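S.K.: What follows is a predicted structure for the sequence shown.
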There are 2 protein chains.
Amino acid sequence: MRDSALEFLAGAGHNTLESDLYRMGWNPVVTAEDYAHDSAHRLHVATASSTALAGGTIAADIAAEQDKVRRADAVVLQFPLWWFSMPAIMKGWVDRVFVEGFGYGIRKAEGGTRRYGDGLMAGTRALVVTSMGGSEHTVSARGINGSLDELLFPIQHGFFWYTGMAVLPPVLIPSADRMTEDGYAAAEAHLQARLGTLFSDEPIPYRHQSNGQYDRNFVLRSPYAVGEEGLRVHTAPPSHAAQSSA
Amino acid sequence: MRDSALEFLAGAGHNTLESDLYRMGWNPVVTAEDYAHDSAHRLHVATASSTALAGGTIAADIAAEQDKVRRADAVVLQFPLWWFSMPAIMKGWVDRVFVEGFGYGIRKAEGGTRRYGDGLMAGTRALVVTSMGGSEHTVSARGINGSLDELLFPIQHGFFWYTGMAVLPPVLIPSADRMTEDGYAAAEAHLQARLGTLFSDEPIPYRHQSNGQYDRNFVLRSPYAVGEEGLRVHTAPPSHAAQSSA
């Protein structure tokens, strides 16, 4: 699927930058060594990371990935769903690359912090492509694993949207453990179709932190998603939330 | 907080088995080497892991952690919330330890698979203890990060409950980046109080896969959580779901 996607994107005239984490031998564990940290002092991860980033002393493998992200118009994370999240090696790509001053803690000149729809990644599109052993029914609106959009909320809203990326609906490859030749061909065609509209698909309408819908405690104000609560309220209508409360 | 918790549990007469993943130098990355896999054949992670588990050839560090879990009456995962999930090193503890035949793929003699409220970990209690930089408002029912119970659904329902563990409401240590002495004392007292009721607190009433509430596609049947959808429907009333639909 990865090879097919890269070939399709190249054929469509896009330049691609790949990070094949297993092949790279990516280290997923945050340590003080990433930040040239003086071990005589207690490690505060956020502060140490932003200091190293600003001073140009952050670990070379992190800097290289940050450079790829800076150059990207779209970020596609492709992974098998393991325990309903990313495999550890990819979680450690997020943990190590998106340090303070890059993924979070981006101050505005006028005060406040850029996040949730704003940040250094504003203008970048983001897409999850994930395979799972279970059927699509298990991640449907009343499926036992929870609806896919809510199950992926920590990744799609908590990571992508937090850093400013515009999040496209995910591509799911279900029943991957029982994949047939026909099923594979259909999945490949589906992925290519979605990559073909990578720059025209409508992003998930998550609410922006900065447009007055949240109060000073970052709680959604009462005129929005009236009477609703939970993850769904952070997607603006027309949406899942609007449909289910109708 | 960790030291204080261990001391409290010892004082209450419990035996504790600790896995300090950073100190152990835990490897979070699943590789073929975990399973004594013949590299001449394509690696199917699930099959290779269950074969190695059954044959006693699974990597020694995995076997040691599985032994701790087997002996445990309660599993407590304590971690800082990084990008709204576990740090990679802990995700890799889940990925590597809970292989097929241990965490999933547990067949019943009469057919079917034990999961969601049943499995090898049935009878074990489970608790998340997590700290975050943001305030508790941000993970409240309408907070921008989503309600804590839904944000932690992939861990609490997708991992703990899937393997059969009874899941206790999480312990949250908010505003950890701005912690005061008084705030720390209060957080420590709160954690100790929760550990004091580790074996008497009422678990989150997630629905069992096996008691007829789900259809053959693992979709919740229509008499349950009528008109509702999303993660909330998998918790039985009296619950968040019941309250919000009232």
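M.R.: Sure thing, it's come through.
S.K.: Going by C-alpha atoms from here, please, whenever you check contacts or count neighbours.
M.R.: Noted.
S.K.: In contact with the residue positioned nearest the centre of chain A, which residues?
M.R.: Centroid check for chain A by CA atoms, centre = their mean gives residue A:160 as the closest residue, at 3.5 Å. The contact partners of residue A:160, by CA atoms under 8 Å, 6 or more residues apart in numbering or on different chains, come to A:126, A:166-167.
S.K.: got a pLDDT number for it?
M.R.: Predicted confidence (pLDDT) for residue A:160: 98.
S.K.: now it: how far from residue A:118?
M.R.: Per CA to CA, to the nearest Å, residue A:160 is found 10 Å from residue A:118.
S.K.: which of the residues in the longest helix along chain A are buried?
M.R.: For chain A, the helix with the greatest residue count under DSSP state H is helix A:181-196. By neighbour count on 16 or more other CA atoms under 10 Å in any protein chain shown, the buried set for helix A:181-196 is A:187-188, A:191-192, A:194-195.
S.K.: For the strand or helix carrying residue A:3, list the C-alpha coordinates in CSV.
M.R.: Per DSSP states H and E: residue A:3 is located in helix A:2-11. What follows is helix A:2-11, C-alpha atoms only, in CSV (Å, rounded to 0.1, in the frame of the first residue of the first chain):
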residue,chain,number,x,y,z
ARG,A,2,2.9,2.3,0.8
ASP,A,3,4.7,1.6,-2.4
SER,A,4,1.5,2.0,-4.4
ALA,A,5,0.7,5.3,-2.7
LEU,A,6,4.2,6.7,-3.4
GLU,A,7,4.1,5.7,-7.0
PHE,A,8,0.6,7.2,-7.4
LEU,A,9,1.8,10.5,-5.9
ALA,A,10,4.9,10.6,-8.1
GLY,A,11,2.7,10.0,-11.1
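S.K.: Relative to the host helix or strand of residue A:79, what are the paired strands and their orientations?
M.R.: Using DSSP H and E, residue A:79 sits in strand A:74-80. Strands that pair with strand A:74-80, judged by DSSP bridges, come out as strand A:125-131 (parallel).
S.K.: quick one: residue A:33 from residue A:27, how far?
M.R.: Taken as CA to CA, the span from residue A:33 to residue A:27 is 12 Å.
S.K.: and the strand holding residue A:79, what's its mean pLDDT?
M.R.: pLDDT averaged over strand A:74-80 gives 98.
S.K.: returning to what we had before: relative to strand A:74-80, how tilted is the longest helix of chain A?
M.R.: 160 degrees (axes from the mean of the first three to the mean of the last three CA atoms, to 10 degrees).
S.K.: Report all helices and strands that helix A:181-196 contacts.
M.R.: If contacts are counted by 3 or more CA pairs under 8 Å, 6 or more residues apart in numbering or on different chains; DSSP states H and E, helix A:181-196 sits against helix A:2-11, strand A:171-173.
S.K.: ranking these by burial, who's on top?
M.R.: strand A:171-173 (a mean of 21; mean count of other CA atoms under 10 Å in any protein chain shown).
S.K.: How about residues contacting that one?
M.R.: A:127-132, A:187, A:191, A:194.
S.K.: hmm, 6 Å instead?
M.R.: The contact list for strand A:171-173, computed with CA atoms under 6 Å, 6 or more residues apart in numbering or on different chains, reads A:129-131.
S.K.: thinking again about what came up before, show the subsequent helix or strand relative to the strand holding residue A:79.
M.R.: Counting by DSSP H and E, what follows strand A:74-80 is helix A:88-97.
S.K.: and that following helix, what does it pack onto?
M.R.: helix B:88-97 (3 or more CA pairs under 6 Å, 6 or more residues apart in numbering or on different chains; DSSP states H and E).
S.K.: chain center to the helix it packs on: distance?
M.R.: Helix B:88-97 sits 11 Å away from the centroid of its parent chain (CA atoms, centre = their mean, to the nearest Å).
S.K.: what do you get for stretch A:128-141?
M.R.: 17 Å.
S.K.: okay if I get the contacts of residue A:160 as TSV plus neighbour count, distance to residue A:46 and pLDDT?
M.R.: Shown next, in TSV, are those (neighbours: other CA atoms under 10 Å in any protein chain shown; distance: CA to CA, whole Å; pLDDT from 0 to 100):
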residue	neighbour count	distance to residue A:46	pLDDT
A:126	24	24	98
A:166	27	24	98
A:167	25	25	98
